[in-house]
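1. Give me a model of this one.
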Amino acid sequence: MKIVRNFIVFLTVGILMTSLVACSKDDSLNVVSANLSKIENMFISNTQSVSTALEENMDISISEEASEFLDSDCVAKVINEDLSTDYQELVDTSYMYFSQRLKEDNPEDQVKNLYVSYKNSSAVVELDEQEYTPDSGVGGYLDDVKSLQQGMTSDNDLTDEAKRVVQDMMLLSTVDIETNSAFVGKGQVFVKAKK
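-> Take a look at the predicted model:
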């Protein structure tokens with residue numbers, strides 16, 4: 001009888017924790033949506049850095065390491081609609097920025113190797129061979145980077161894809177990225193509102 005009661009308590013706590021995490025993720029995605037709207041309407045002058053504009057307009061603090069990626073030449077060229085943008089450099093910068101932001105928000109993952117792959121058209125984040133499934137906030141970012149990368153093999157105009165990637169980078173600076181490996185065999189990477 002005691003074993004059954006302990007099992008029921010454990011099961012109830014698990015269901016409540018799952019519900020709590022799901023609700024907080026929904027709230028976080030609402031924050032992401034609101035932040036994206038602000039970013040899409042944000043004006044950044046030719047003399048202003050992206051990180052400074054974000055800090056002023058979004059009332060956030062951006063680390064020096066993150067600023068290096070946001071203020072890189074390839075990002076500035078996309079914002080200024082410079083046709084000489086090196087899209088491969090933007091793709092590389094975007095992946096490095098994602099890695100930096102994930103590790104910045106999850107110090108326990110600092111020394112882990114991070115790799116992004118795509119299985120069945122969906123992004124998968126690997127940290128030292130542990131797989132993490134991204135939520136729609138992180139997954140959308142990684143999908144947009146992949147779309148830009150794949151577009152480089154065609155003669156199509158990639159201006160819109162590049163703008164989406166830059167907006168995603170800016171959006172990622174306004175939220176925290178959390179890794180959660182509480183579920184057996186499957187971890188999660190998701191965005192949440194900054195504290």
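2. Apart from its neighbours in sequence, what residue is nearest Gln100?
-> Glu65 (5.6 Å; Cβ to Cβ, 6 or more residues apart in numbering). Backbone N, C-alpha and C define where each C-beta goes, glycine included.
3. quick check, that neighbour in a strand?
-> No. Secondary structure of Glu65 (DSSP: H, G, I helix; E, B strand; the rest coil): helix, not part of a strand.
4. separation between it and Asn57?
-> Distance, Glu65 to Asn57, by Cβ to Cβ, to the nearest Å: 21 Å.
5. Check Phe98 too.
-> Counting by Cβ to Cβ - Phe98 and Asn57 are separated by 22 Å.
6. Gln88 too?
-> 29 Å.
7. Ignoring the adjacent residues along the chain, who's closest to the residue most central in space within the chain?
-> Central residue of the chain (Cα atoms, centre = their mean): Val138, 4.1 Å from the mean position. Nearest residue to Val138 in three dimensions, chain neighbours excluded: Val189, at 5.0 Å (Cβ to Cβ, 6+ apart).
8. ok, back up a step: can you give the distance of whichever strand or helix holds the residue nearest to the centre of the chain from its chain's centre?
-> Per DSSP states H and E, Val138 falls inside helix 136-151. Computed by Cα atoms, centre = their mean, to the nearest Å, the chain-centroid distance of helix 136-151 equals 10 Å.
9. which strands and helices sit next to that helix?
-> helix 2-40, helix 87-105, strand 122-127, helix 159-172, strand 187-193 (3 or more Cβ pairs under 8 Å, 6 or more residues apart in numbering; DSSP states H and E).
10. Quick check: mean pLDDT of the shortest one?
-> Read it as strand 122-127. Here strand 122-127 scores 93 as its mean pLDDT.
11. For that strand, which strands pair with it and how are they oriented?
-> Strand pairing for strand 122-127, determined by DSSP bridges: strand 114-119 (antiparallel), strand 130-134 (antiparallel).
12. Quick check: which of the ones you listed is nearest to Thr52?
-> For these, proximity to Thr52 was assessed by Cβ to Cβ; strand 114-119 is nearest, at 27.4 Å.
13. Give the buried residues for the closest one.
-> For strand 114-119, a neighbour-count test (16 or more other Cβ atoms under 10 Å) marks 114, 116 as buried.
14. So what touches that strand?
-> 95, 98-99, 102-103, 123-127, 142, 146 (Cβ atoms under 8 Å, 6 or more residues apart in numbering).
15. so it versus helix 136-151, what angle?
-> 80 degrees (axes from the mean of the first three to the mean of the last three Cα atoms, to 10 degrees).
16. ok now strand 114-119, how far from the chain's centre?
-> The answer for strand 114-119 is 14 Å, by Cα atoms, centre = their mean.
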